[in-house]
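Asker: Next come a sequence and a model predicted from it.
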Amino acid sequence: MRALGTDYLDVLQIFWVGVTGAITPATLEAAARLKEEKKIRALGISIHNRARAGKLAEDSPVDLFMLRYNAAHPGAERDVFPHLATRHPAVVAYTATSWRKLLTAPRGWDGPVMTAADTYRFCLSSPHVDVVLCGPKSRAQLVENLDGIAKGPLSPDEDAWMRRFGRAVHG
């Protein structure tokens with residue numbers, strides 16, 4: 001906080017919370033103290049283990065979950081999102097393009113291919129996702145992504161197509 005010249009952090013983010021590490025009871029207690037002292041406003045984690053994320057969503061002081069969520073990896077819909085109902089922590093989706101795999105037709109696919117904007121719309125169409133991380137390489141890509149997102153939530157037909165495409169990409 002000294003280095004940033006601030007009295008508090010909006011989010012203290014703990015990255016790559018594993019199956020057993022990084023977010024111990026002692027870590028959660030320390031974060032709770034920092035919140036009580038108004039040194040942090042929220043505790044966030046990035047987590048790949050969806051079962052653990054679901055449990056933490058139900059009964060922990062974690063305020064923000066950064067989760068892998070995309071058309072090729074929609075498992076958060078089953079393992080995490082149902083557990084958000086009681087506390088409503090924020091959700092940040094990452095790897096929307098599945099490391100660009102969703103931007104290329106998989107072997108045997110003869111239909112349309114998703115654009116980066118499509119992948120962001122997929123994530124943001126979930127009522128559980130508050131933010132999706134975006135990584136354009138240029139201003140033109142950023143404008144293209146924002147124009148695509150401006151189309152709003154997916155239609156049922158778009159959702160079905162993207163899910164079929166995601167399953168084909170995932171294998």
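Answerer: Noted; the coordinates are in hand.

Asker: quick one: the strands in the chain?
Answerer: Here the chain has its strands, by DSSP state E, at 9-17, 40-47, 64-68, 90-94, 131-132.

Asker: Buried deepest among the ones you listed, which one?
Answerer: strand 64-68 (a mean of 23; mean count of other C-beta atoms under 10 Å). Where you see a C-beta, it was placed from the backbone N, CA and C, and this is true even at glycine.

Asker: That strand: how far from the chain's middle?
Answerer: Strand 64-68 has its average C-alpha position 4 Å from the chain's average C-alpha position, going by C-alpha atoms, centre = their mean, to the nearest Å.

Asker: what angle do that strand and strand 40-47 make?
Answerer: 20 degrees (axes from the mean of the first three to the mean of the last three C-alpha atoms, to 10 degrees).

Asker: Find the centremost residue of the chain, please.
Answerer: Ala93 (1.5 Å; C-alpha atoms, centre = their mean).

Asker: On the pLDDT front, check that residue for me.
Answerer: Listed pLDDT for Ala93 reads 98.

Asker: How about it: which residues does it bridge to?
Answerer: Leu67, Val132 (DSSP bridges).

Asker: That one: what's it in contact with?
Answerer: Neighbouring residues of Ala93 by C-beta atoms under 8 Å, 6 or more residues apart in numbering: Met66, Leu67, Arg68, Tyr69, Asn70, Cys123, Ser126, Val129, Val131, Val132, Leu133.

Asker: How about Arg41?
Answerer: Going by C-beta under 8 Å, 6+ apart, Arg41 touches Tyr8, Leu9, Asp10, Val11, Lys35.
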